[in-house]
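*Asks:* Sequence below, structure please.
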Amino acid sequence: GSEMCIRDSYLPLVHGSGLFQRGQTQVLSVLSLGMLNEGQRLDTIEPVDGKRYMHHYNFPPYCTGETGRMGTPKRREIGHGNLAERALIPVLPDENEFPYAIRVVSEVMESNGSSSMASTCGSCLALMDGGVPIKRPVSGIAMGLIQEEGKTVVLSDIQGLEDFLGDMDFKVTGTEKGITALQMDNKATGLTFDILRTALEQAKEGRAYILDKMLEVVPGPREETRATAPKIQCITIPTENIRDVIGKGGETIRGIQDETGASIDIHEDGTVYVGGVGESVAAAIERIELIVKVPEVGEEYTGRVVSIQPFGAFVNLLPGKDGLLHISRVAQGRVEKVEDVLNVGDEVKVKVIGIDPAGKISLSIKRTQEPERRERRPQQDRRPQQDRRPPRQDSAPKGPQTFEEKLKQFMSDSDSRIAGCRQYEHKTKSRRR
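*Replies:* Coordinates of the predicted model:
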């Protein structure tokens, strides 16, 4: 067969590239990765509304040694691009496994054979070079058929002249397990099953030969995408928080994208795709998680005072989430006005002490000295308030008494009672007069 030249990473700064040459046909395929929402939108009678994998094929005049105008793709270029696109769709990873939109552009540098099959091989090299985890590598070959005087000859890897003079142009792409795409131009008056069987078997041998040469250079997909490609991560948020992340008129999500440099794509089921280069993805995900986070009782935050009311201060804990610090919890002791202790813009350490069914958050100033003061309280001060009176002093002496002492005490008490009664009687007579 014709000599082959296969190179990966031919272009250093793109997301992936592959150069494939066989004989006088050379194709350079270039890979670009993007967010899923950057896929092509389709508006046709078919139920499919878009496609995630796009293959574009360019066939400039210089690749056949001619001069001409470079313009929009023509019918032939669109058809050849679709064939090479269909050849690789069965082996592409699922969106959940690889959440990227994938575009490959195949530039035909030289052509004297099947440039669409060279584009298939070049696209496969570019995908593997870019770290796209395809299920199996794909190769393709063009077959030809010439019928003369009852004789039939099947040709492998036909060139331009053989294509022009032949009776059939037969292109087959596939993996080692089977065929992924097939295209045939037929000028023959009739084809038998034996002829087709021979052509397919011959094509399988040719595909396997080409695939072995490709795998010698690129054994399989890279484990990671290249450093120049965007990193895309997928997270899931509750559907009721989607509008919080988007914000009024998209203000919140645009702010995150502008500040971090990442791209964010939110789906209706709560799936969020975040893409970017460097640390932008991690920064954007952190901002989103803060928005959807729900504070829990016992958690501590360093918040900023955003509003002061007569009954307390509102402290911002997380983006879009404020809590009330009641005036009774602003400081130890009685506070006449919140402004005596806090001002708008102050940073305070607070603790979540309650969340009511409506989601309103109650806060308390975090105090580190209060537990120590409790430990220093004297043990006797811990009695109930009603027990903190001085011990009762009994007028009678304690201990055993003799009969004379008891009689003397009784007479003394009797004299004091009689004197009291006389004094009361004297006061009563004075009032009556």
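*Asks:* in the stretch 151-300 of the chain, which spans are strands?
*Replies:* 151-156, 168-174, 179-186, 231-236, 263-266, 271-276, 300-309 (DSSP state E, counting those that start in this stretch).
*Asks:* taking those together, which one is wrapped up most tightly?
*Replies:* Highest mean neighbour count among the strands of the stretch 151-300 of the chain (mean count of other Cβ atoms under 10 Å): strand 168-174, with a mean of 23. All C-beta atoms are positioned from the backbone trio N, CA, C, and that covers glycine.
*Asks:* So which bits of stretch 232-251 are buried?
*Replies:* I232, C234, I237, N241, I242, D244, V245, I246, G247 (16 or more other Cβ atoms under 10 Å).
*Asks:* for the record, mean pLDDT for it?
*Replies:* For stretch 232-251, mean pLDDT rounds to 90.
*Asks:* Quick one: end-to-end distance for it.
*Replies:* 22 Å (Cα to Cα, to the nearest Å).
*Asks:* what's in contact with it?
*Replies:* 35, 96, 99-100, 252-255, 266, 268-275, 281, 285, 288-289, 291-292, 320 (Cβ atoms under 8 Å, 6 or more residues apart in numbering).
*Asks:* Just the buried ones among the residues you listed, please.
*Replies:* Buried among those (16+ other Cβ under 10 Å): 35, 99-100, 252-253, 266, 270-275, 281, 285, 288, 291-292.
*Asks:* can you redo the buried residues of stretch 232-251 as a markdown table with distance to G345?
*Replies:* Shown next, in a markdown table, are those (distance: Cβ to Cβ, whole Å):
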| residue | distance to G345 |
| --- | --- |
| I232 | 38 |
| C234 | 38 |
| I237 | 30 |
| N241 | 28 |
| I242 | 31 |
| D244 | 24 |
| V245 | 26 |
| I246 | 28 |
| G247 | 23 |
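*Asks:* Tell me which of those residues fall in helices.
*Replies:* Counting by DSSP state H, the part of the buried residues of stretch 232-251 found in helices is I242, D244, V245, I246.
*Asks:* which of these lies closest to L182?
*Replies:* Closest approach between those and L182, by Cβ to Cβ: I242, at 44.3 Å.
*Asks:* Alpha carbons of stretch 6-23, in CSV - could you do that?
*Replies:* Output of stretch 6-23 as CSV, limited to C-alpha atoms (Å, rounded to 0.1, in the frame of the first residue of the first chain):
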residue,chain,number,x,y,z
ILE,A,6,0.8,9.8,11.1
ARG,A,7,1.4,12.6,13.7
ASP,A,8,-0.4,13.6,16.9
SER,A,9,-0.1,16.9,18.8
TYR,A,10,1.0,18.5,15.5
LEU,A,11,-0.3,21.9,16.6
PRO,A,12,0.8,22.7,20.1
LEU,A,13,-1.8,25.2,21.3
VAL,A,14,-5.0,23.7,20.1
HIS,A,15,-7.2,21.3,22.1
GLY,A,16,-6.1,18.3,20.0
SER,A,17,-4.8,17.7,16.5
GLY,A,18,-3.9,14.8,14.2
LEU,A,19,-2.1,14.7,10.8
PHE,A,20,-2.9,11.7,8.6
GLN,A,21,-1.2,11.1,5.2
ARG,A,22,-1.4,8.2,2.9
GLY,A,23,0.2,8.5,-0.5
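*Asks:* Would you mark the buried spots in that stretch?
*Replies:* Buried-residue list, stretch 6-23, by 16+ other Cβ under 10 Å: 6-11, 14-23.
*Asks:* tell me which of these is nearest to A199?
*Replies:* Out of the buried residues of stretch 6-23, the member with the shortest distance to A199 (by Cβ to Cβ) is R22, at 19.0 Å.
*Asks:* From Y53, how far out is the closest one?
*Replies:* 24 Å (Cβ to Cβ, to the nearest Å).
*Asks:* same question, S364
*Replies:* 56 Å.
*Asks:* which residues touch K337?
*Replies:* P310.
*Asks:* Looks like S115 contacts G79 (just checking).
*Replies:* No - S115 is beyond contact range of G79, at 11.8 Å (criterion: Cβ atoms under 8 Å).
*Asks:* And the two? Which one has more around it.
*Replies:* S115 (27 against 13; other Cβ atoms under 10 Å).
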